[in-house]
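Visitor: Could you look at this predicted model? Sequence included:
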Amino acid sequence: MSKSRLAPLKKLTLPRLELLGALISARMGHYLQDTFPMLKRENIFYWSDSQICIHWIKGKADDWKQFVRNRVSEIKEKTNPNRWHHCAGKFNPADKLTRGISAQALVNDEIWFSGPPWLLQINVPYNKSSDVDDTELNCVEEEIRKLIVTFQTNIESFQPLLNLDNYSDVNKVIRITSYVLRFANNCRPNREKVIGNLTANDLINAEKYWVRCIQQTEFQTEYEEIEHHKSVTRSSKLFSLNPMMTEDGLLCLGGRLQKSDFNFHEKHPLILPTKSRLSQLLIIREHQRLHHAGVSETLTQIRENYWILCGRQTVKSCLNKCLICKKFKVRPGNQIMAPLPANRIQASYPFENVGIDFAGPIYTKNTDKAYIALFTCAVTRAIHLEVVSSLSTEHFLLAFRRFISRRGICRTVNSDNAMTFKSADIELKRLYMNICEPEVQNYFGKKGIKWQYIVERAAWWGVTGSEWFK
């Protein structure tokens, strides 16, 4: 039996076409095994005139591209790779199908009907593979699966000694770091032991340690480029800052102030990221040192030593979390006032509802004391003034009679409560005592006048006020 197929329309290399033919042979052998159960897989031999195809089948399928890998895997699943051998093209009857042959020549062709003559021998000679030309070798190289290996080199970042999120005071962090660095220095051999209190250099070195740690963590790529004397890429957020590296290995701002009279840190402040905990702690320290100054003042002082990216936004966000500043900036609550009393808003005649208060004393030409009685209309806020020579009941009633003679009889009278006059002078207390005497109450009762006192210690309940005396 034989089987053949037309080559696909998509152009394929000759080794791939040979591999498709080998796959057809493997499927045919698998079909024969299913048809004849007594036929074992080990007893089926396959011959091909393509050395490349045999090399693919006997090799590892994962070494080739997907097209070859999938078909080699199927061939290995259906056949034994050790049963694939090479034969010369002139002894391969399958070439008759691919190259074409006349019917007369095919009838007399022994290879087509009986196969190669050496198959009839008891010991079948397995031909050794001949040399492969350069064209076929190029096809093999094209089918090799390419393995792309990428690697990235990272600068060994500092492992922070402390977790800054657990601290709210940068000075405490710097002091602890100074002691740790001193301890590490004293543990090294052939080093001079340092003891005693911390010096200014110890604190400065500890602060530089944290700046270096933050910079190598947040600006790792930029740090490596500047360290190797390369320019920062345009896509970097530090490109506009023209960063440079100090002698201590710290990134600082470039700028154009090299020839100014400022010190080095003012001309080239150290660069810090926006969301770093160290940046927040430094802002809090400067804010407290300036007695809780505003955003502009705090940012100005920070930039004398550090240049924080998006500095104004970062400072503003930190200051918004300051509890002391919140207490002073918070707006007071608006008091919800009670409804106005009826005698203040209902339509009535002038001086129908009156409030009374006294002012004084005032001194006259004859050096006698005099007082002013204030009568206020609760609705129209009209004012009537009367001068009395004393705070006695008699003089008060005379003033009140003059008032009602001029303005008419009122219906209600409101006055301050005596408890509001505790801190006032003695004359005001005498006035309250005179107003409360039975004689005054009897007079008001005959006229149909109702006297009302405001609640103690609630001056805002009164109809009159001190502003009416101004």
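Guide: Right, received. Where do you want to start? Numbering: from 1, shown residues only.

Visitor: Quick one: distance of the strand of greatest length in the chain to the chain centre.
Guide: Longest strand in the chain by number of residues (criterion: DSSP state E): strand 353-363. Chain-centre distance of strand 353-363: 66 Å, with Cα atoms, centre = their mean, to the nearest Å.

Visitor: Name every strand pairing with the very next helix or strand once past that strand and say which way it goes.
Guide: Moving toward the C-terminus from strand 353-363, the next helix or strand (DSSP states H and E) is strand 369-377. Partner strands for strand 369-377, per DSSP bridges, with pairing direction: strand 353-363 (antiparallel), strand 383-388 (antiparallel).

Visitor: before we move on, the earlier item: give me the buried positions along the longest strand of the chain.
Guide: Across strand 353-363, burial judged by 16 or more other Cβ atoms under 10 Å covers 353-358, 360. C-betas here are computed from N, CA, C, even on glycine.

Visitor: repeat for stretch 294-306
Guide: Quick answer for stretch 294-306 (16+ other Cβ under 10 Å): 295, 298-299, 301-303, 305-306.

Visitor: before we move on, what about stretch 64-80?
Guide: For stretch 64-80, by 16+ other Cβ under 10 Å, it's 64, 68-69, 71-72, 75-76, 78-79.

Visitor: Equivalent analysis for stretch 277-290, please.
Guide: In stretch 277-290, counting by 16+ other Cβ under 10 Å, buried: 277-284, 286-287.

Visitor: swap in stretch 99-116?
Guide: Neighbour counts over stretch 99-116 (16+ other Cβ under 10 Å) mark 112, 116 as buried.

Visitor: now the end-to-end length of that stretch.
Guide: Stretch 99-116 has an end-to-end distance of 18 Å (criterion: Cα to Cα, to the nearest Å).

Visitor: For it, what is the distance to the chain centroid?
Guide: 80 Å.

Visitor: ok, back up a step: T364: which of the buried residues of stretch 64-80 is nearest?
Guide: Nearest to T364, judged by Cβ to Cβ, of the buried residues of stretch 64-80 is R69 at 122.6 Å.

Visitor: If I look at that closest one, what pLDDT would I see?
Guide: Predicted confidence (pLDDT) for R69: 86.

Visitor: isn't it right up against D62?
Guide: Yes - R69 lies in contact with D62 (Cβ atoms under 8 Å); the separation is 6.4 Å.

Visitor: what residue ranges in this protein score low on pLDDT?
Guide: The chain contains residues with pLDDT under 70 at 1, 97, 121-143, 145-158, 367, 417-449, 455-470.

Visitor: Okay, and the residue positioned nearest the centre of it sits in which element?
Guide: Nearest to the mean C-alpha position of the chain, by Cα atoms, centre = their mean, lies K275 at 8.0 Å. Assigned by DSSP H and E, K275 falls within no helix or strand.

Visitor: ok, it to K193 distance?
Guide: 39 Å (Cβ to Cβ, to the nearest Å).

Visitor: repeat for P116
Guide: P116 is 92 Å from K193, by Cβ to Cβ.

Visitor: Kindly report the same for E286.
Guide: Counting by Cβ to Cβ, the separation of E286 from K193 is 35 Å.

Visitor: Kindly report the same for R401.
Guide: From R401 to K193 the distance is 102 Å (Cβ to Cβ).

Visitor: who has more neighbours, these two?
Guide: The neighbour comparison of R401 against K193 (other Cβ atoms under 10 Å) goes to R401, with 13 against 8.

Visitor: Check which element follows the host helix or strand of that one along the chain.
Guide: Per DSSP H and E, R401 falls inside helix 393-407. Downstream of helix 393-407, the next assigned helix or strand under DSSP H and E is strand 412-415.

Visitor: tell me what that following strand is packed against?
Guide: Judged by 3 or more Cβ pairs under 8 Å, 6 or more residues apart in numbering; DSSP states H and E, strand 412-415 is in contact with strand 353-363, strand 450-453.

Visitor: May I see these organised as JSON lines, with distance to R5 added?
Guide: Shown next, in JSON lines, are the helices and strands packed on strand 412-415 (distance: least, Cβ to Cβ, whole Å):
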{"stretch": "strand 353-363", "distance to R5": "116"}
{"stretch": "strand 450-453", "distance to R5": "118"}
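
Visitor: and of these, who's closest to A7?
Guide: strand 353-363 (115.7 Å).

Visitor: What is the end-to-end distance of stretch 374-383?
Guide: Using Cα to Cα, the end-to-end distance of stretch 374-383 comes to 7 Å.

Visitor: quick one: contacts of it?
Guide: Applying Cβ atoms under 8 Å, 6 or more residues apart in numbering, the contact partners of stretch 374-383 are 343-348, 350-359, 384-386, 403, 407, 414, 463-464, 468-469.

Visitor: same thing with stretch 159-170?
Guide: Stretch 159-170 is contacted from outside by 173, 176-177, 180, 210, 213, 277-278, 281-282, 284-285, using Cβ under 8 Å, 6+ apart.
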